[in-house]
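Undergrad: how does the following fold in three dimensions:
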Amino acid sequence: MRVRVECYSGYKGDERPVRFEIDDRSLFVSEVLARWYSPQGPCFRVRADDGAEYLLRRTGEDTWEIEPGACGRVG
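TA: Numbering: from 1, shown residues only. The predicted structure follows:
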């Protein structure tokens, strides 16, 4: 599933996601739980202001995806 992501840019561009949009819903990232690099690009497990956790993966210059089956309320 494609998603629009806005990132914080500190000493490097697109350092971490701060907000993202899914199906006309705007969610703010309240916490970055984990980050790592995969062959496809950087990945972030985040908790949004709706209380759910999401796995965001950057797949291109301005392209992001949510991993299928990897988003939703945890617990």
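Undergrad: all contacts plus neighbour counts: C-alpha atoms, from now on.
TA: Noted.
Undergrad: report the secondary structure state of Glu61.
TA: Secondary structure for Glu61, judged by DSSP: H, G, I helix; E, B strand; the rest coil, is coil.
Undergrad: pLDDT score for it?
TA: As predicted, Glu61 sits at a pLDDT of 77.
Undergrad: and it, what are its phi and psi?
TA: phi -50, psi -50 (degrees, to the nearest 10).
Undergrad: relative to Pro42, how far out is it?
TA: 11 Å (CA to CA, to the nearest Å).
Undergrad: for Cys43, pull up the helix or strand it's in.
TA: Using DSSP states H and E, the secondary-structure element containing Cys43 is strand 41-48.
Undergrad: re the thing from before, who has more neighbours out of Glu61 and Pro42?
TA: In this view Glu61 and Pro42 are compared by other CA atoms under 10 Å, and Pro42 has more residues nearby, 17 against 7.
Undergrad: wait, what's in contact with that one?
TA: By CA atoms under 8 Å, 6 or more residues apart in numbering, the contact list for Pro42 reads 35-36, 57-59.
Undergrad: thanks again, I'm all set now.
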